[in-house]
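S.K.: My questions are about this predicted structure, shown below with the sequence.
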Amino acid sequence: MSAFSETALEKKLLELSSSQQSVQTLSLWLIHHRKHSKTIVTVWNRELKKAKAGRKLTFLYLANDVIQNSKRKGPEFTKDFAPVIVDAFKHVASESDESCKKHLIRVLSIWHERAVYENDLLDQLKQVLQGDKKPKKRPYEEVKIDLDVYPCQSSPGDPPQTMELIKALQELENAASGDAAVRHRISALPLEVQDVSLLGRITDKDSGDRLSRMVDDACMLLADYSGRLAAEIDDRKQLTRMLTDFLRAQKEILTEKEQKLEDYKQKLAKVSQVRKELRSRISSLPDLSLLPNVTGDPLQLPSSGDLYSAD
């Protein structure tokens with residue numbers, strides 16, 4: 001693990017991409033250097049403001065990963081990000097489109113679910129994403145995420161679009177549970193890093209240092225993979241909610257279409273009956289085209305007396 005410096009951090013932030021691997025790799029490096037958390041947050045905030053609009057969301061993804069995965073090691077990052085995170089959300093939201101804001105809403109909904117921050121701070125973030133709408137003050141037990149602001153939660157709101165479902169399914173194709181390479185690395189971890197009883201084999205400082213490095217690497221690997229699996233679980237829960245809403249909407253549409261089909265069947269039956277009756281009436285009428293009309297004068301039909309008079 002490379003040494004920490006502001007220059008090194010600036011370089012890594014410049015090279016940061018939106019890929020999951022890039023975000024998680026840098027996140028692990030930052031967590032490893034958590035004793036510099038105040039400096040890290042200061043540099044992060046400064047570089048966020050300087051980044052191009054298309055990269056700003058990635059900075060928040062990085063902050064999210066660091067905040068959540070560092071909690072087991074200590075509260076440093078959660079505490080140090082708190083004073084700047086509202087301004088960071090506001091900055092990113094002001095320079096982003098609606099699609100980006102949906103991702104911000106997703107991050108905030110996860111922080112609500114996991115109680116990452118106190119409700120006062122979460123409400124401030126929520127107000128940033130709502131714009132000028134001022135939330136009504138409510139007691140703690142009544143605080144809920146508004147369904148129209150957080151459509152990712154199960155709700156009777158608008159169902160997801162087909163393309164949103166397709167995108168969510170495609171993202172799960174590269175989920176952590178399918179990473180065979182990482183699972184193989186975990187299964188190949190030496191027994192020395194997994195069994196406390198084997199610590200008795202350490203006979204000198206060098207062997208102890210080697211084992212310490214192995215244990216640190218194993219912890220990083222397992223912490224990283226655990227974080228990825230936790231994120232995958234959240235994504236699958238989200239997809240389940242999306243599918244539930246989508247199926248509910250499809251059932252409603254199906255019921256509506258079935259009713260329309262029944263209505264049109266009845267209309268068809270009525271029109272068919274009219275056609276049948278019309279054809280029956282037409283067939284019983286005389287065919288005027290068969291009667292003579294030599295003079296070209298309007299055809300005069302004979303009276304019934306003329307038809308039956310004797311010669």
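M.R.: In hand now; what should we look at?

S.K.: And stretch 75-94, what's buried?
M.R.: 76-78, 80-82, 84-86, 88-89, 91-93 (16 or more other C-beta atoms under 10 Å). Heads up, the C-betas are built off the backbone N, CA and C, glycines and all.

S.K.: actually stretch 208-228, not the one I typed
M.R.: For stretch 208-228, using 16+ other C-beta under 10 Å, the buried residues are 211, 218, 221, 223-225, 227-228.

S.K.: Show only the entries of the residues you listed found in strands.
M.R.: Among the buried residues of stretch 208-228, none falls in strands (DSSP state E).

S.K.: Make TSV out of those and add distance to Ser22 and pLDDT.
M.R.: Shown next, in TSV, are the buried residues of stretch 208-228 (distance: C-beta to C-beta, whole Å; pLDDT from 0 to 100):
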residue	distance to Ser22	pLDDT
Leu211	30	86
Ala218	22	84
Leu221	17	81
Ala223	17	77
Asp224	13	75
Tyr225	16	80
Gly227	14	76
Arg228	13	77
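
S.K.: so where is the stretch 101-250 of the chain shaky, pLDDT-wise?
M.R.: By pLDDT under 70, the low-scoring segments of the stretch 101-250 of the chain are 131-158.

S.K.: 90 instead, please
M.R.: Along the stretch 101-250 of the chain, segments meeting pLDDT under 90 span 101-107, 109-110, 112-116, 118-120, 127-185, 187-250.

S.K.: where exactly do the helices run in the stretch 201-311 of the chain?
M.R.: Ranges of helices in the stretch 201-311 of the chain, per DSSP state H, counting those that start in this stretch, are 205-284, 304-308.

S.K.: just those: most buried one?
M.R.: Stretch with highest mean neighbour count among these: helix 205-284 (a mean of 13; mean count of other C-beta atoms under 10 Å).

S.K.: about what we covered before: of the buried residues of stretch 75-94, which one scores lowest on pLDDT?
M.R.: Minimum pLDDT across these is recorded for Ala93, with 87.

S.K.: Please name the residues that touch that residue.
M.R.: Contacts for Ala93 (C-beta atoms under 8 Å, 6 or more residues apart in numbering) come out as 100-101, 104, 128-129.

S.K.: Tell me which entries of these lie within strands.
M.R.: Per DSSP E, the subset of the contacts of Ala93 in strands is empty.

S.K.: Farthest pair within those?
M.R.: Spatial extent of the contacts of Ala93 (C-beta to C-beta) is set by the pair Cys100 and Val128 at 13.1 Å.

S.K.: The two - which one has more neighbours?
M.R.: The neighbour comparison of Cys100 against Val128 (other C-beta atoms under 10 Å) goes to Val128, with 21 against 17.

S.K.: From what I see, the more buried one and Ala88 are in contact.
M.R.: No: counting by C-beta atoms under 8 Å, Val128 does not reach Ala88; the two are 9.6 Å apart.

S.K.: Could you check how far Ala3 is from His32?
M.R.: Distance, Ala3 to His32, using C-beta to C-beta, to the nearest Å: 11 Å.

S.K.: Looking at these two, which has the bigger crowd around it?
M.R.: Using other C-beta under 10 Å as the criterion, Ala3 and His32 rank with His32 on top: 16 against 6.

S.K.: Quick check: the gap between that one and Lys56.
M.R.: His32 is 25 Å from Lys56, where distance means C-beta to C-beta.

S.K.: And for Val182?
M.R.: Separation of Val182 from Lys56 (C-beta to C-beta): 29 Å.

S.K.: Among the two, which residue is more densely surrounded?
M.R.: Higher neighbour count among Val182 and Lys56: Lys56, with 20 against 16, using other C-beta under 10 Å.

S.K.: Quick one: residues in contact with the helix or strand that one falls within.
M.R.: Assigned by DSSP states H and E, Lys56 belongs to helix 53-69. For helix 53-69, the external contacting residues (C-beta under 8 Å, 6+ apart) are 13, 16-18, 23-24, 26-28, 30-31, 44, 47-48, 51, 77-78, 81, 85, 88-89, 91-92, 95-96, 100, 103-104, 107, 110-111, 114, 116, 223-224, 227, 230.

S.K.: CA atoms only: put it into PDB for me.
M.R.: What follows is helix 53-69, C-alpha atoms only, in PDB (Å, rounded to 0.1, in the frame of the first residue of the first chain):
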ATOM      1  CA  ALA A  53     -19.600  17.700 -14.400                       C
ATOM      2  CA  GLY A  54     -19.600  14.200 -15.700                       C
ATOM      3  CA  ARG A  55     -17.200  13.100 -13.000                       C
ATOM      4  CA  LYS A  56     -18.700  14.700  -9.900                       C
ATOM      5  CA  LEU A  57     -21.200  11.900  -9.200                       C
ATOM      6  CA  THR A  58     -18.200   9.500  -9.100                       C
ATOM      7  CA  PHE A  59     -16.700  11.500  -6.200                       C
ATOM      8  CA  LEU A  60     -19.900  11.100  -4.200                       C
ATOM      9  CA  TYR A  61     -19.900   7.300  -5.000                       C
ATOM     10  CA  LEU A  62     -16.300   7.300  -3.600                       C
ATOM     11  CA  ALA A  63     -17.500   9.200  -0.400                       C
ATOM     12  CA  ASN A  64     -20.400   6.800   0.000                       C
ATOM     13  CA  ASP A  65     -18.100   3.700  -0.200                       C
ATOM     14  CA  VAL A  66     -15.600   5.200   2.200                       C
ATOM     15  CA  ILE A  67     -18.200   6.300   4.700                       C
ATOM     16  CA  GLN A  68     -20.000   2.900   4.800                       C
ATOM     17  CA  ASN A  69     -17.000   0.600   4.700                       C
END
